[in-house]
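Trainee: This is a predicted model, with the sequence first.
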Amino acid sequence: MPVKLGRSMLMLVLLIAGCHQSPSEQHQEEPEPHTSKTNVISLCSLLSQQMQNINNSSSIQDLQYVNQQLQKCLPQIPMAERQQLLYASTSMYQRFLASDRSTEEQRAFDQYAMSGNAVYSTSYLSEMSPRDRYLIQNQGNAAYYEVYDSGDTGIMYRRQPQYLLHIFAPYLPKAEQFFIEHLAAQNQFPILSGNSFNASWSELSKRALFWQNYVNTYPNSALIDDAQRLKFKYAQFLFHGVSNIPVSTNYVGEDSIYPEALEEIKYLATQDHSNLGLQAKKFLRFIHIAPSQRDQDIPVELSPTEQRSAQSNTIKAIKQLDRYIGLYDPLTLDSTHINRDCLSDAICITHPGKVANTLVSKQQF
């Protein structure tokens with residue numbers, strides 16, 4: 001009996017001793033999370049310079065390393081820095097994808113891009129510049145870039161829209177996250193091909209409505225200017241068409257309107273009560289106004305170049321239409337509007353003559 005009591009007391013003493021660990025011992029067991037966070041912050045302080053160092057001599061591994069650092073750092077840094085790095089990443093990719101070509105090398109690049117046969121197209125690789133060969137052989141999802149025929153700005157490399165969606169969007173405010181998610185989906189495939197549409201008029205209408213609603217819902221978004229551009233661009237597509245599929249050449253009567261476009265515009269006029277629906281109603285009234293009456297009621301001026309154009313009557317009709325339905329570019333006086341591309345990435349970007357080598361602002365990219 002005494003032996004049993006002694007063993008029980010010994011176990012109790014040991015248990016109490018284990019629970020009363022000294023503060024110094026506890027501190028020694030918990031340094032790793034703090035040390036790890038300090039190391040991450042230290043690495044993030046170098047990130048801006050690492051991004052600026054990426055250029056058209058950098059390797060795929062260099063680019064992927066920076067992207068991995070971005071994924072580690074974005075959750076740790078203030079929102080203002082995240083947004084600055086978003087625009088800087090556009091400049092980084094443009095420098096990385098820049099390629100100087102001779103006339104022969106440009107021809108080989110274009111022929112490669114236009115060739116639908118992968119085996120046949122590889123025959124052009126030997127005629128390309130060394131940088132193009134390297135970029136083409138390593139393009140894909142891992143590096144987030146690809147050869148792309150925009151149908152508008154021509155054949156080029158582009159950063160894939162999924163880049164901003166995967167790396168930046170999760171760490172941005174709701175408005176910017178929503179913008180990137182939807183534009184990445186819309187621009188996964190080109191909307192234009194050879195000055196024709198790769199989408200139905202119903203899809204064009206759907207996108208015009210989406211960007212109209214975005215502008216109304218998120219007026220304070222950091223990307224509001226880009227949303228305004230997209231709202232205007234898709235309304236233009238809907239009411240003007242493009243050179244190979246114009247909505248009309250004179251806008252005189254329903255028979256002059258491209259049938260699928262007319263069907264969608266009629267649908268909007270009867271079913272949608274937004275500003276786009278109101279424009280659709282005015283469109284249907286406009287096409288029943290005689291050209292002579294338009295000239296009296298809706299006078300417009302044509303530039304000397306427009307007057308000499310073989311399409312001068314179409315140009316005049318479109319200008320009169322735009323004034324009548326209230327279709328105008330809200331950013332027409334914005335100098336950053338020039339050469340602005342909203343149809344290839346998850347934000348609107350500018351294709352510069354010379355790519356910037358420093359951190360850039362929202363106004364530049």
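Mentor: Perfect, I can see it now.

Trainee: and the closest residue in space to residue 300 that isn't next to it in sequence, how many neighbours?
Mentor: The spatial neighbour of residue 300 that comes closest, neighbours along the chain excluded (C-beta to C-beta, 6 or more residues apart in numbering), is residue 319 at 4.2 Å. (C-beta placed from N, C-alpha, C; glycine too.) Residues lying near residue 319 (other C-beta atoms under 10 Å) number 16.

Trainee: Can you pull the phi and psi angles for residue 319?
Mentor: Backbone geometry at residue 319, expressed as degrees, to the nearest 10, gives phi -60, psi -40.

Trainee: same thing with residue 250?
Mentor: phi -140, psi -10.

Trainee: again, but for the one 3 residues further on
Mentor: Note on residue 253: its backbone torsions stand at phi 80, psi 160 [degrees, to the nearest 10].

Trainee: any idea how far residue 269 is from the residue nearest to it when sequence neighbours are not counted?
Mentor: Using C-beta to C-beta, 6+ apart and skipping the chain neighbours, the partner closest in space to residue 253 is residue 287 (6.0 Å). The gap separating residue 287 from residue 269 is 12 Å, by C-beta to C-beta, to the nearest Å.

Trainee: now the helices for the stretch 151-300 of the chain?
Mentor: Assigned by DSSP state H, counting those that start in this stretch, the helices in the stretch 151-300 of the chain fall at 162-167, 174-186, 201-217, 224-240, 259-271, 275-286, 291-297.

Trainee: Dump those helices to a markdown table, plus distance to residue 125 and mean neighbour count.
Mentor: Below are these laid out as a markdown table (distance: least, C-beta to C-beta, whole Å; neighbours: other C-beta atoms under 10 Å):
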| stretch | distance to residue 125 | mean neighbour count |
| --- | --- | --- |
| helix 162-167 | 25 | 20 |
| helix 174-186 | 30 | 19 |
| helix 201-217 | 36 | 19 |
| helix 224-240 | 35 | 22 |
| helix 259-271 | 41 | 16 |
| helix 275-286 | 47 | 19 |
| helix 291-297 | 55 | 12 |
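
Trainee: Between those, which one is closest to residue 135.
Mentor: Nearest to residue 135, of all the helices of the stretch 151-300 of the chain, is helix 162-167, at 15.4 Å by C-beta to C-beta.

Trainee: May I have the closest one exported as CSV, CA atoms only?
Mentor: C-alpha atoms of helix 162-167 as CSV (Å, rounded to 0.1, in the frame of the first residue of the first chain):
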residue,chain,number,x,y,z
GLN,A,162,-5.2,34.9,-66.0
TYR,A,163,-2.0,36.4,-64.6
LEU,A,164,-3.7,39.3,-62.8
LEU,A,165,-6.6,37.0,-61.9
HIS,A,166,-4.4,34.5,-60.2
ILE,A,167,-1.6,36.7,-58.7
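
Trainee: Show me what it is packed against.
Mentor: helix 60-73, helix 79-97, helix 174-186 (3 or more C-beta pairs under 8 Å, 6 or more residues apart in numbering; DSSP states H and E).

Trainee: Name the residues of the longest one that are buried.
Mentor: By 16 or more other C-beta atoms under 10 Å, the buried positions in helix 79-97 come out as 81-97.

Trainee: Can you tell me, leaving aside adjacent residues, what's nearest to residue 187?
Mentor: Among residues not flanking residue 187 along the chain, residue 161 sits closest, at 4.8 Å (C-beta to C-beta, 6+ apart).

Trainee: Okay, now the unreliable bits of the stretch 51-200 of the chain?
Mentor: Low-confidence segments of the stretch 51-200 of the chain (pLDDT under 70): 116-122, 152-153.

Trainee: how does it look with 90?
Mentor: Judged by pLDDT under 90, the stretch 51-200 of the chain has its weakly predicted residues at 99-100, 107-127, 137, 140-142, 148-156, 193-196.

Trainee: that older thread, output the helices and strands packed on helix 162-167 in CSV, with distance to residue 315 appended to each entry.
Mentor: Formatted as CSV, the helices and strands packed on helix 162-167 follow (distance: least, C-beta to C-beta, whole Å):
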stretch, distance to residue 315
helix 60-73, 44
helix 79-97, 34
helix 174-186, 29
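
Trainee: just checking, residue 242 touches residue 198?
Mentor: No - contact criterion C-beta atoms under 8 Å: residue 242 and residue 198 do not qualify, at 10.9 Å.
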